[in-house]
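> got a predicted structure here, sequence first:
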Amino acid sequence: MAEKTPVVDRPTADTATIPHWYSGGELMDVARGDGARIYDGEGSEYLDFLSQLYCVNAGHSNEAIVEAISDQLERIQYVAPSKDNDVRSRYADRLAEVAPDSLSDVFFAVSGSEANESAIQFARAHQDAPKVLTRWRSYHGSTYGAAGLTGDPSTRSVVEQYAATTGVGKFLPPLPFQSPFDADSPEELATQAADHLEFVIRNEGPDSIAAILTEPVAGTSGAYPAPPGYFERVRELCDEYDILLIADEVITGFGRCGEFFGVQTEGLEPDMITFAKGATSAYVPLAGVLASPEIADGLRGEGISTGQTFGGHPLGCAAGIAALDEYEGGLVENVRDLAPYLEDGLRGLEAEHDCIGDVHGRGFLWSVEFADPSTGEPFVDPFVESDADNPVSSVRDHAREQGVLLGSGRPDTQVLLSPPLCIDESDIDEAVEALDRSIATVFG
């Protein structure tokens, strides 16, 4: 008989939980939340300027969403995804109403990773083509298929060391800072990045490409919007070469960028949108794919032989309807009203601290990117120097000590700010001031 594995110290006391995205050390204990605030087990308060994982868009303990879930529990708790259900149908119809005009139907999933995998499966079948193009540095999930779509090596390499993912090509993103292109203006950057994308399309073979999958505003890879004209050209390339355009809105959807979907800030009409996170304000796991009539008709006509047990869970759909009501009831408008105030605060930090290389974002999704002022390069490149002490992570640690939670980017050369949509000016002041003090402490 094999020897029993010895017991080891756990990261937190009295728990058998194996955490996600764990790199060692003590785990934060989150006991409750209210609005933009959370509280640990000892009652300490934190301003949650990350919305936990870019997802609690309506804030914590929203009574309308909690009540909708409770009401649904009294009616029916679960309906198989192969069956019809009134709350599921109502939520799908509501999503189609707020989505871009090019999209009409919804396939429900459970997580953003599964939504992205479903979308590429539909695209490949619809186009009868194997390849999907995604950006370097992007993040689209950590299941096998979604990790293969991901351009961030810290995720993709971990998964692919055991199972290589085929049929995925990568293209360079139009980065505004430390760009792979040599552009003197945003418009020139848009032209160079789109020309590069066309070069990749032509050299991959257009007939072999089913879809391009991209975020309208980068999520964890840096919160950067595309330069003016870029997405207009991407749509033109997709039309010219008969390639589907899929927008990954797992982070940018549901008001985060100042519209219901990030593509609406670009005037972009995609062939599919993948969504998750803010769909229910993360109160219940729910995700899905918004599809064009042509794709939806094909799925209905040919049938779907795969699925997920919890896809379109009634509790999630009830939460989703209530969340949409909250977003329409003033939260999206609050993003539009306060985004300039948040941007001004962050640009003030950029002017104050020479260790900040660039500030970029849209709505309530922003990145403060750090660089050595003497070289213009990152203080530490975590993709190359994974074991080096990273001062950017120390900035977040100091902010947490002051009661403000901030996010890390891919790569970890930046601090991300992605607050709940219910914040006010005083919350922004608190977060910006904590970040200001943290930068001064770490960089002097």
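That came through, no problem.
> ok, Glu45 touching Ala36?
No - counting by C-beta atoms under 8 Å, Ala36 is not a contact partner of Glu45; they are 10.6 Å apart. Every residue, glycine included, has its C-beta placed from N, CA and C.
> neighbour-wise, which of those two wins?
Of the pair Glu45 and Ala36, Ala36 is the one with more neighbours under other C-beta atoms under 10 Å, namely 22 against 11.
> quick one: that one and Glu67, what's the gap?
Noted for Ala36: a distance of 20 Å to Glu67, by C-beta to C-beta, to the nearest Å.
> how about Gln402?
With the distance defined as C-beta to C-beta, Gln402 ends up 34 Å from Glu67.
> these two: which has the busier surroundings?
Higher neighbour count among Gln402 and Glu67: Gln402, with 16 against 12, using other C-beta under 10 Å.
> quick one: contacts for that one?
For Gln402, the set of contacting residues under the criterion of C-beta atoms under 8 Å, 6 or more residues apart in numbering consists of Ala434, Arg437, Ser438.
> hang on, the second one packs against Gly403?
No - with contact defined as C-beta under 8 Å, Arg437 and Gly403 do not form a contacting pair (11.5 Å).
> rewinding a little: make JSON lines out of the contacts of Gln402 and add distance to Asp354 and secondary structure.
Supplementary listing: the contacts of Gln402 in JSON lines, determined by distance: C-beta to C-beta, whole Å; DSSP: H, G, I helix; E, B strand; the rest coil:
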{"residue": "Ala434", "distance to Asp354": "20", "secondary structure": "helix"}
{"residue": "Arg437", "distance to Asp354": "17", "secondary structure": "helix"}
{"residue": "Ser438", "distance to Asp354": "16", "secondary structure": "helix"}
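> and Ala190, which of the three is it?
helix (DSSP: H, G, I helix; E, B strand; the rest coil).
> if you could redo that for Gly43, that was the one I meant.
Three states are possible here, and by three-state DSSP the one that applies to Gly43 is coil.
> please apply the same query to Gly288.
When classified by three-state DSSP, Gly288 comes out as strand.
> could you find the closest non-adjacent residue to it?
What sits nearest to Gly288 in space, not counting adjacent residues and going by C-beta to C-beta, 6 or more residues apart in numbering, is Phe108, at 4.4 Å.
> that neighbour: neighbour count?
Applying the criterion other C-beta under 10 Å, we find 27 residues in the vicinity of Phe108.
> got the contact list for it?
Pro81, Arg88, Ala92, Leu286, Ala287, Gly288, Gly311, Gly312, Gly316, Cys317.
> for Ala68, the count of nearby residues, please.
For Ala68, using other C-beta under 10 Å, the count is 24.
> could you chop this structure up by domain?
If the domains of the chain are taken from automatic domain parsing, they occupy 30-61+331-443, 63-327, with pieces of a single domain joined by a plus sign.
> can you add distance to Thr17 and mean pLDDT and give those domains back as TSV?
Written out in TSV, the entries for the domains of the chain read as follows (distance: least, C-beta to C-beta, whole Å; pLDDT from 0 to 100):
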stretch	distance to Thr17	mean pLDDT
domain 30-61+331-443	13	95
domain 63-327	17	93
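> need those in TSV with distance to Gly24, can you?
Compiled in TSV, these are given as follows (distance: least, C-beta to C-beta, whole Å):
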stretch	distance to Gly24
domain 30-61+331-443	12
domain 63-327	15
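> Tyr22: which of those domains is closest?
Taking C-beta to C-beta, domain 63-327 is the member of the domains of the chain nearest to Tyr22, at 12.6 Å.
> pull up the distance across that closest one, start to finish.
Using C-alpha to C-alpha, to the nearest Å, the end-to-end distance of domain 63-327 comes to 14 Å.
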